[in-house]
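Asks: Using only what follows, build the 3D model:
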Amino acid sequence: MALLSSPVTGQTQTGLTSPTYTITADMAPDSNGQQYAVTALGGTQTGVVANNVSSPFTLTYWKPKFARLRGRIGANGYSVINNPVNTYKLVTRKGVVVMSTAPAEVMTISTVVNVPAGSEGTDPLSVRACFSAHIGALDQSSAAFGTLAVTGVMP
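Replies: Numbers count the residues shown, from 1 in each chain. Purely as a prediction, here's the structure:
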């Protein structure tokens, strides 16, 4: 099962009208990743370029190479000692121009998810609720978050 399907519908941003991103599977930098390259843009995105060698536009999902198991139960039977976490990530990379005469530099956005080992089996609905709220907040605040990054002013 692929994590993304093409096209990806972008969220509202000032200056972007109905943005869509045509993606294709790409080779991730390591075996525990799944990467997609943005090969075409839809909607109005004047000046934005799709993935190329000098200006990447990729989305990479990462999972742990080795899933960690729940730590050992404490002497009282109610606590877990040194419980490990399993880390999952989504990293988006986009070449951005900082000066018209200079090559693009890479902007990155990383969402890092640390899931306490054992919770995926004991409390899966809370794990899913955490994702739901986080992604919903990103979705709802997309334009405001973009404005913050461009203006430096908290909306």
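Asks: Neighbouring strands - and their directions - for the lowest-mean-pLDDT helix or strand in the chain?
Replies: Sorted by mean pLDDT, DSSP states H and E, the helices and strands of the chain end with strand 80-81, the least confident at a mean of 82. The pairing partners recorded for strand 80-81 under DSSP bridges are strand 72-73 (antiparallel).
Asks: quick one: average pLDDT of the strand it pairs with?
Replies: Here the mean pLDDT over strand 72-73 is 84, rounded to a whole number.
Asks: Other residues contacting it?
Replies: Around strand 72-73, the neighbours that count as contacts under CB atoms under 8 Å, 6 or more residues apart in numbering are Ser79, Val80, Ile81, Asn82. Quick note: C-beta positions are derived from backbone N, CA and C, even for glycine.
Asks: Look up phi and psi at the spatially closest residue to Thr87 that is not a sequence neighbour.
Replies: Leaving aside its sequence neighbours, Thr87 sits nearest to Asn114 (CB to CB, 6 or more residues apart in numbering; 5.4 Å). Taking degrees, to the nearest 10, you get phi -110, psi 110 for the backbone angles of Asn114.
Asks: quick revisit: I'd like the next helix or strand past the least confident helix or strand of the chain.
Replies: Of the helices and strands lying after strand 80-81 in sequence (DSSP states H and E), the nearest is strand 85-96.
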